[in-house]
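Q: With the input below, show me the fold.
(one chain, ligands or ions: 1)
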Amino acid sequence: MKFRLFRVEISGPPWLPVVGSLPSLVISSKKGSGFLCETLSAMSEKYACPLLGIRVGKDRMVILCNTESAKEVLGREEFDGRPTGPFFETRTWGSRKGVMIVDGAFWQEQRRFVLRHLKDFGFGRRTMEELVQVEVAEMAKFLMSEISKGTKQGAQGEYCGETVRVTVESSQQQPLAAEREQKSEGKREAVLWLHDAFGVSVLNALWSMMAGVRYEPDDKELRRLQTLLTQLFATIDVTGCPFSHFPFLRYCAPGMSGYRQFVETHQNIWEFLFAELERHKNTFKSGYCRDFMDAYLEQMEIERKEGRLDSDYNDEQLVAICMDLFMAGSETTSKALGFAFLYLIVHPEVQRKARAEIEAVVGRDRLPALSDRSKMPYIEAIVLESLRLFVGRSFGLAHRSLRDTTLQGYHIPKDTMLVVCFSNILMNNEFWGDAKSFRPERFLDADGNVNLPDCMLPFGFGKRRCLGESLAKSNIFLFIAVLLQQFEFTLPEGDKVPPLCGREGLTPTPYPFRARITQRT
Ligand code: HEM
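A: Numbering: from 1, shown residues only. Coordinates of the predicted model:
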């Protein structure tokens, strides 16, 4: 159907009064895979148009379903805004703060400050590489100690607040368990939950630079916060959640509209970050910055001395930046790694090829380092393929048009949300062939060198491009290279292979799975 609410027609599902396109989206989603991004990709094909116009409640959105329109929007300054509204304001005490969901001159200055001062503590430099290397080595040590204890975590676990079992029917469990004991005799191995095993370790390198703190991989408080975040991310999508489209629901249905969970999760994270800020304030020495938090406190001091009492540099803005980085650092890389190891378990042949490359380039006498990366195209291809399959089932962060403008011949009014639908770009069969398969070779040319297609933009593009790209890539590369060098990962006998697509949310979450981790001899 075509409609005229953008003045020029943009194709899309019908817009009904009040609810907008919601009924069509729900019905189409139920018929399809259940992933909103796949539903919208299918609609874009149905309407034969790379731009889709949808409306949910009060929000008017353009969904960008091909590389050309995505690159155009991400590359043009008038689309560099971020959405406004209760959803984006509730997370930071009633007005937009931080670096991820702000725009204009405020965003430019704060983003510049974050990048400049994180660099002072190693971000994007050799120090960051060393921090990541420490974390990966610690993780390997942790797995080794679990192996020496012979840890076998039970088949029942927690996932997004629900209890799950990963073994096949219970009548088959006993013999399989007995068989496993016999087969594992003499082998150095452990059975551990792996889908959410990387959260603390990947956050550590970032947090060392932000707040000078690192945590043990099984730190209970940090894991609790990350679990709350994962649960929250599973209930919202890039457009928000029911209370963002229908703000009145905050008052009449706080539970059902997602408002209560949203506020409670944020309160937990605020508490954690304000406690860290308090510790910093109590030990802060002007002129001696230990980490990013200190650098920000130093800037607040300068602003105060210069009499700028309403300065943008204040406690809440500092905590909001930390929250943005905490969320971005927690909910992305660790999940991409969860998916990567699930795919590696399902594809032992990829593990074998990766190990052959590791043996040839690094051998066994030292751990792989980031300086080996250029000589390890196959591992690099595994990183890219894992990112493609992770990001390809989600959307980019929403942008907002800062003024009336046009896009590919269509009029786009000011304050329209524009969202990249990665599914049509990274999971498009026409371009990728077997888009749903895990096949790292697709990123290698005939000579075995890495070949990056134009549409491979999992970190976005332009001025709002992901701030953590190099950190994320370093983490994923090293975790894969080091852990495959040291261990073999297989599915415990009797465990089911979970659906590889993961569970939908703001970012997809791998379904729970355990791995049998065997020390290589
Ligand atoms: C697998 C890992 C990651 C992926 C796939 C990813 C992807 C993205 C994408 C697609 C965007 C939106 C770009 C846009 O709006 O056009 C983004 C923004 C952002 N990312 Fe990441 N990201 C990852 C990891 C990280 C990490 C580890 C950090 C922490 C340092 C981070 C910090 C940010 C921030 C702060 C923004 C907002 C930038 C801005 O609005 O100026 N990301 N990321």
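Q: Show me the strands in the stretch 301-450 of the chain, by range?
A: Taking DSSP state E, counting those that start in this stretch as the criterion, the stretch 301-450 of the chain carries its strands at 399-400, 405-407, 410-412, 417-420.
Q: Just say which of these is most tucked in.
A: strand 417-420 (a mean of 26; mean count of other Cβ atoms under 10 Å). Where you see a C-beta, it was placed from the backbone N, CA and C, and this is true even at glycine.
Q: Tell me which other helices or strands that strand touches.
A: Packed against strand 417-420 by the contact rule (3 or more Cβ pairs under 8 Å, 6 or more residues apart in numbering; DSSP states H and E) you find strand 59-64, helix 67-75, strand 399-400.
Q: Walk me through the regions of the protein where pLDDT falls short of the threshold, as ranges.
A: For the chain, the stretches with pLDDT under 70 are 1-9, 30, 32, 168-186, 238-239.
Q: At the contact with the ligand, which residues of it appear?
A: 74, 99-100, 111, 206, 324-325, 328-329, 332-333, 336, 387, 391, 396-397, 458-460, 464-468, 471-472 (Cβ under 6 Å from any ligand atom).
Q: Pull out the buried residues from those residues.
A: When those are checked for burial by 16 or more other Cβ atoms under 10 Å, the buried set is 74, 99-100, 111, 206, 324-325, 328-329, 332-333, 336, 387, 391, 396-397, 458-460, 464, 466-468, 471-472.
Q: so how far is residue 199 from residue 110?
A: Per Cβ to Cβ, to the nearest Å, residue 110 is found 26 Å from residue 199.
Q: who's more crowded, those two?
A: residue 199 (26 against 21; other Cβ atoms under 10 Å).
Q: okay, now the closest residue in space to residue 382 that isn't next to it in sequence: neighbour count?
A: Closest residue to residue 382 apart from its sequence neighbours, by Cβ to Cβ, 6 or more residues apart in numbering: residue 440 at 4.7 Å. Counted by other Cβ under 10 Å, the residues lying close to residue 440 total 23.
Q: ditto for residue 303
A: 16.
Q: next one: residue 155
A: Residue 155 has 21 nearby residues by other Cβ under 10 Å.
Q: Spit out the contact partners of it.
A: Applying Cβ atoms under 8 Å, 6 or more residues apart in numbering to residue 155 gives the contacts 165, 166, 167, 173, 494, 495, 514.
Q: my read: the first one touches residue 158, true?
A: No: in this structure, residue 165 sits apart from residue 158 without contact. The criterion is Cβ atoms under 8 Å, and the distance is 11.4 Å.
Q: Excluding covalently adjacent residues, which one is nearest to the residue in the chain that the ligand sits nearest to?
A: Closest to the ligand within the chain is residue 468: 2.2 Å, counting by Cβ to the nearest ligand atom. Spatial nearest neighbour of residue 468, excluding adjacent residues (Cβ to Cβ, 6+ apart): residue 328 at 5.9 Å.
Q: got CSV for the strands of the stretch 301-450 of the chain, with distance to residue 63 too?
A: Putting the strands of the stretch 301-450 of the chain into CSV (distance: least, Cβ to Cβ, whole Å) gives the following:
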stretch, distance to residue 63
strand 399-400, 12
strand 405-407, 12
strand 410-412, 13
strand 417-420, 6
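Q: quick one on the thing from earlier: out of the contacts of residue 155, which sit inside strands?
A: Among the contacts of residue 155, the members found in strands (DSSP state E) are 165, 514.
Q: residues of stretch 73-80 that come out buried?
A: Quick answer for stretch 73-80 (16+ other Cβ under 10 Å): 73, 74, 76, 78, 79, 80.
Q: again but with stretch 21-30, I slipped
A: 21, 22, 24, 25, 28, 29.
Q: need these in CSV with distance to residue 132, can you?
A: Formatted as CSV, the buried residues of stretch 21-30 follow (distance: Cβ to Cβ, whole Å):
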residue, distance to residue 132
21, 42
22, 42
24, 44
25, 40
28, 41
29, 38
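Q: Go through the residues you listed and flag which are in helices.
A: Under the assignment DSSP state H, the buried residues of stretch 21-30 contribute 22, 24, 25, 28, 29 to helices.
Q: Skipping adjacent residues, who's closest to the first one in space?
A: In this case it means residue 22. Using Cβ to Cβ, 6+ apart, the nearest residue to residue 22 is residue 56, at 5.4 Å.
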